[in-house]
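> coordinates for the following, if possible.
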Amino acid sequence: MRKKVTKAIFPVAGLGTRFLPATKSVPKEIMTLVDRPLIQYAIDEARAAGIKEFIFVTSRGKGALEDYFDHAPTLEAELRKKGKDDLLEILKDTNMDSGAIAYIRQHKAMGLGHAVWCARRLMGNEPFAVILPDDVIAAEKPCLQQMVEAYEETGGNVVAAMEVPPEKTSSYGILDVKEDMGSMVSVKGMVEKPAKGTEPSNLAVIGRYILTQHVMNNLNKMKVGAGGEIQLTDAIAQEIENERPVYGFRFRGQRFDCGSKAGFLQATVSFALARPDLRDEFAAFLTSVTAEQKAAQ
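So this is what the prediction gives:
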């Protein structure tokens, strides 16, 4: 019987320097897409996939992120008094049960592999998910849920993958494909940020993973890799060398890179246009702005 994936690691220790000055006092993960912080999208996706334990790898200055998941008795009492039951219902999704959430400190930024390794003592001998909140994925069925369903069929390690233009491959971990089976590909190698022209494919790994305890064991022995950091890609690639399966999963959905300003703005527009309460007014505004720009040219 294959063990269920019930634990997820959220690496949120980064400084978010691309969003300065906002991130001087606000953790990037609680910057809002429309009216919900980035981290809420990640949590909702994890819950939909059956995750029960949420482990955040944080750093100094992330207090506001930790507070976000606490109950807010004063606010709740005020909303109750005013009969704002709809807002109370919205707040319910932001509260986490006692014991469901844990915070681990990463004292030194040494890469994604190191951030995941920081949570090793909470993982036990179980498979686990890793979710990068910067990658927001709009999908009919949440991305991690799609991956869990695929994992239940295949086992092994499963990484979310998407096609990227060849000129962008040097910004990603890239898969070397052994066998292409459609939504799943069997992987014979992984290269972190390959030099231009050396990429084995244009199938890039993005911020969703289902990993076995063997990957955590590999991280125990990892040396510094690309960019002077401990790379998660290297620990997963080690599994291929150890003849344990690694799969790329082509998820159905649209991924937004909310670690970049352009990606964050694109996600904001897309999510706002998907909202019935905002769509018409916002679409009319965008149309008028576009028309003004064309007229000015």
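> doesn't Y151 lie inside a strand?
No: read with DSSP: H, G, I helix; E, B strand; the rest coil, Y151 is helix and lies in no strand.
> does it really touch V5, like I thought?
Yes: in terms of Cβ atoms under 8 Å, Y151 counts as a neighbour of V5; the distance is 6.6 Å. For every residue, glycine as well, the C-beta is placed using N, CA and C.
> could you point out the longest helix in the protein?
What stands out as the longest helix in the chain, according to DSSP state H, is helix 279-296.
> run through the neighbouring helices and strands of that one.
Packing contacts for helix 279-296, counted by 3 or more Cβ pairs under 8 Å, 6 or more residues apart in numbering; DSSP states H and E, involve helix 261-273.
> can you tell me how far R244 is from N218?
10 Å (Cβ to Cβ, to the nearest Å).
> list the contacts of R279.
Counting by Cβ atoms under 8 Å, 6 or more residues apart in numbering, R279 makes contact with A272, L273.
> do you know how far it is from L273?
Taking Cβ to Cβ, one finds R279 at 6 Å from L273.
> quick one on the thing from earlier: neighbour count: R244 and N218, which is higher?
N218 (22 against 15; other Cβ atoms under 10 Å).
> by contact count, what packs against the host helix or strand of that one?
Here N218, judged by DSSP states H and E, is contained in helix 213-221. If you count contacts as 3+ Cβ pairs under 8 Å, 6+ apart, helix 213-221 packs onto helix 112-117, helix 232-241.
> what's the most buried one of these?
Greatest average neighbour count among those goes to helix 112-117 (a mean of 24), per mean count of other Cβ atoms under 10 Å.
> right, and the helix or strand after that helix?
Using DSSP H and E, the first helix or strand after helix 112-117 is strand 128-131.
> name the next helix or strand following that following strand along the chain.
Once the chain leaves strand 128-131, the next helix or strand it forms, by DSSP H and E, is strand 135-138.
> pLDDT (mean, whole number) over that following strand?
Average pLDDT, strand 135-138: 94.
> paired strands for it, with orientation please.
strand 254-257 (antiparallel) (DSSP bridges).
> buried ones in the partner strand?
R255, F256, D257 (16 or more other Cβ atoms under 10 Å).
> redo these as a markdown table? Include pLDDT and distance to A129.
Listed next are those as a markdown table, based on pLDDT from 0 to 100; distance: Cβ to Cβ, whole Å:
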| residue | pLDDT | distance to A129 |
| --- | --- | --- |
| R255 | 95 | 16 |
| F256 | 95 | 19 |
| D257 | 93 | 19 |
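> any chance of the residues you listed in TSV, plus distance to I51?
Below are those laid out as TSV (distance: Cβ to Cβ, whole Å):
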residue	distance to I51
R255	19
F256	21
D257	23
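> nearest to K168, of those residues?
Nearest to K168 among the buried residues of strand 254-257 is D257, at 10.4 Å by Cβ to Cβ.
> wait, that closest one sits on D134?
Yes: counting by Cβ under 8 Å, D134 is a contact partner of D257 at 6.6 Å.
> give me the low-pLDDT residue ranges for the stretch 151-297 of the chain?
In the predicted model of the stretch 151-297 of the chain, residues 222-228 satisfy pLDDT under 70.
> what's the closest non-adjacent residue to A22?
The shortest distance from A22 to any non-neighbouring residue, by Cβ to Cβ, 6 or more residues apart in numbering, is to M31 (6.6 Å).
> list the contacts for the one you found?
M31 neighbours (Cβ under 8 Å, 6+ apart): F19, A22, T23, P37, L38, F264.
> the third one and G16: what is the separation?
In other words, T23. T23 is 4 Å from G16, where distance means Cβ to Cβ.
> break this protein into its domains for me.
Using automatic domain parsing, the domain parsing of the chain gives 7-259, 260-297.
> how about the helices in the stretch 51-200 of the chain?
63-68, 73-81, 85-92, 112-117, 143-154 (DSSP state H, counting those that start in this stretch).
> for V26, give me its contacts.
Applying Cβ under 8 Å, 6+ apart to V26 gives the contacts A64.
> swap in 10 Å and give it another go.
By Cβ atoms under 10 Å, 6 or more residues apart in numbering, V26 lies in contact with G16, F19, T32, P37, G61, A64, L65.
> if we can go back for a sec, name the residues contacting each of R244 and N218.
T212, I236, Q238.
> hang on, the second one packs against G173?
Put plainly, it is I236. Yes: between I236 and G173 there is a contact at 8.4 Å, judged by Cβ atoms under 10 Å.
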